[in-house]
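In: would you be able to build a 3D model of this:
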Amino acid sequence: MGLDLEDPGFDFSVLSEFRDRLVTANAQREILDILLDRLTEEGLVTTRGKARTDSTHVLAAVAVLNRLENVFTTMQAALEQVAETASEWLGSWMSAEWQKLYGVPFSMPKSAAARAKLGGQIGVDGWELWTRISGADAPEGLGALPAMATLRLVWLQQFHRDSTNAVIWRDKDKHGQPPASIRIDSPFDIEARRAVKRGMGWTGYKDHYTETYGNPETPNMITDAECTAGPVHDGAVLAGVHDRLASRGRLPDEHLVDSAYADPEAVITARDVHGITLIAPLLHDHSWQATAGEGFDQSGFTVDWDAQRATCPEGATSQSWGARQDPAGTRIHVQFAAKDCRPCPSRDKCVRSV
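Out: Model (predicted):
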């Protein structure tokens, strides 16, 4: 910060506000670039060489809420914001039951039936609140309040209106539920997402750091950083890392990553587009056959990539071949004909379904 050693310092809020201004102006990368330029001048950062990238979880500064707590807290936050903006209008129609329910901290009902009943009531109340602020007698601008916009999104994600216009909880099988990548889990941080990596779950974000590596004469230095939503797959980030490093002239010769970042397409793209040798461990086969050490796992199939055909250990060839996209990249889906699979004597080594 350029302060004298005897300087009394500053209030912590000054640094917090400085960070907020950086993020608002999207200038955080400019600070990193200036630092790296100076370190390069001092010989502490060199071009090419080796680099490595890995990710770490970032916890959102919010409480982890279940579905019932989430909708209650969202409703409560919306009412508080409406009360701050139009207290007289809200008080002119809000019932004593609402004041009793939403005017105190949430208390979880003990029985499943009571929890279901409360969830349904909160759903009805939320729709009524939205209907009222959309009415002609409502003060202008209430629908644009951040807490009300959040309530509307949460209600679309968590509740369903049936043919009788009743408000009911969304059921995963009947009505569908939003994936973690878009689901709002707290009204106080609507960008935080629920994520799982290596068996650990958290609500928040994921940081991806790239640093120089392998030169014993210089310290390891961070050359790129990116923050994503928690559920974003590591493999979806790698291309952006390489593009940013290329734009700043900081591409490595060798790039070490874990298996989540790399697949065959990523290895080829890194080599052809940026001249990088991408080094990563192979993905583990988590199929029951590979885990049990018996049956036919992927290694038992012969794949003809040019002909787009797979051959099973018993000699049957695939009937269809298709590519599909998921957050980690392109996946090949191969299907065999039922006439070959049903009578196969090794069927129990290949699949468990009848």
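
In: return the residues in contact with P252.
Out: 48-51, 212, 245, 276 (Cβ atoms under 8 Å, 6 or more residues apart in numbering). All C-beta spots, glycine's among them, are computed from the backbone N, C-alpha and C.

In: including neighbour count, could the residues you listed go into a markdown table?
Out: Output for the contacts of P252, formatted as a markdown table (neighbours: other Cβ atoms under 10 Å):
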| residue | neighbour count |
| --- | --- |
| R48 | 13 |
| G49 | 16 |
| K50 | 17 |
| A51 | 26 |
| T212 | 23 |
| L245 | 20 |
| I276 | 21 |
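
In: show me those that map onto strands.
Out: Among those, the members falling in strands (DSSP state E) are 50-51, 212.

In: what's the longest helix in this structure?
Out: For the chain, the longest helix by residue count, based on DSSP state H, is helix 112-133.

In: now it, how far from the centre of its chain.
Out: Mean-position distance between helix 112-133 and its chain equals 28 Å (Cα atoms, centre = their mean, to the nearest Å).

In: packing partners of that helix?
Out: Using 3 or more Cβ pairs under 8 Å, 6 or more residues apart in numbering; DSSP states H and E, the elements in contact with helix 112-133 are helix 67-85, helix 96-102, helix 146-158, strand 159-161, strand 167-169.

In: please find the angle between the direction vectors of it and helix 67-85.
Out: 30 degrees (axes from the mean of the first three to the mean of the last three Cα atoms, to 10 degrees).

In: name the residues of helix 112-133 that are buried.
Out: 118-119, 122-123, 125-127, 129-130, 132-133 (16 or more other Cβ atoms under 10 Å).

In: okay if I get the residues you listed as CSV plus pLDDT?
Out: Below are the buried residues of helix 112-133 laid out as CSV (pLDDT from 0 to 100):
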residue, pLDDT
L118, 95
G119, 94
I122, 96
G123, 95
D125, 96
G126, 96
W127, 94
L129, 96
W130, 95
R132, 95
I133, 95
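
In: can you redo those residues as CSV with distance to E217?
Out: Below are the buried residues of helix 112-133 laid out as CSV (distance: Cβ to Cβ, whole Å):
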residue, distance to E217
L118, 64
G119, 62
I122, 62
G123, 63
D125, 66
G126, 62
W127, 65
L129, 64
W130, 63
R132, 69
I133, 64
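
In: what's the farthest-apart pair in these?
Out: Taking Cβ to Cβ as the measure, these span a maximum distance of 22.6 Å, between L118 and I133.

In: span of stretch 15-31 from start to end?
Out: End-to-end distance of stretch 15-31 (Cα to Cα, to the nearest Å): 14 Å.

In: now the helices for the protein?
Out: 12-24, 28-41, 67-85, 87-91, 96-102, 112-133, 146-158, 238-247, 264-274, 288-292, 338-341, 347-350.

In: what number of residues lie near the nearest residue to K349 once chain neighbours are set aside?
Out: Closest residue in space to K349, ignoring its immediate chain neighbours: G295 at 4.0 Å, by Cβ to Cβ, 6 or more residues apart in numbering. By the criterion of other Cβ atoms under 10 Å, G295 has 18 neighbours.

In: now for the residue nearest to T228 when sequence neighbours are not counted, how many residues are close by?
Out: Counting by Cβ to Cβ, 6+ apart, T228 lies nearest to K206, which is 5.3 Å off, once chain neighbours are set aside. Each residue near K206 was counted by other Cβ under 10 Å, and the total is 22.

In: same question, V196
Out: 12.

In: out of the helices of the chain, flag the one nearest F188.
Out: helix 67-85 (7.2 Å).

In: in the closest one, what's buried?
Out: For helix 67-85, the neighbour count (16+ other Cβ under 10 Å) marks 67-68, 70-79, 81-82, 85 as buried.

In: check stretch 139-156 too.
Out: Buried residues in stretch 139-156 (16+ other Cβ under 10 Å): 142, 145, 147-148, 150-155.

In: show residues contacting that stretch.
Out: Against stretch 139-156 from outside (Cβ under 8 Å, 6+ apart): 70-71, 74-75, 77-78, 80-82, 85-86, 89, 123, 126-127, 129-130, 133-134, 184, 187, 190.

In: hey, what's the residue nearest to T228 bridged with?
Out: Beta-bridge partners of K206, counted by DSSP bridges, are H57, T228.

In: for it, what are its contacts?
Out: 55-58, 195, 197, 227-230, 232.

In: so how far is L68 from S16?
Out: 33 Å (Cβ to Cβ, to the nearest Å).

In: about what we covered before: got a list of what the residue nearest to K349 touches?
Out: With contact set as Cβ under 8 Å, 6+ apart, G295 has these partners: 288-289, 348-350.

In: what distance do you get for the residue lying closest to V58 once chain neighbours are set aside to A61?
Out: Sequence neighbours aside, Y205 is the residue nearest to V58 in space, at 4.2 Å (criterion: Cβ to Cβ, 6+ apart). Counting by Cβ to Cβ, the gap from Y205 to A61 is 11 Å.
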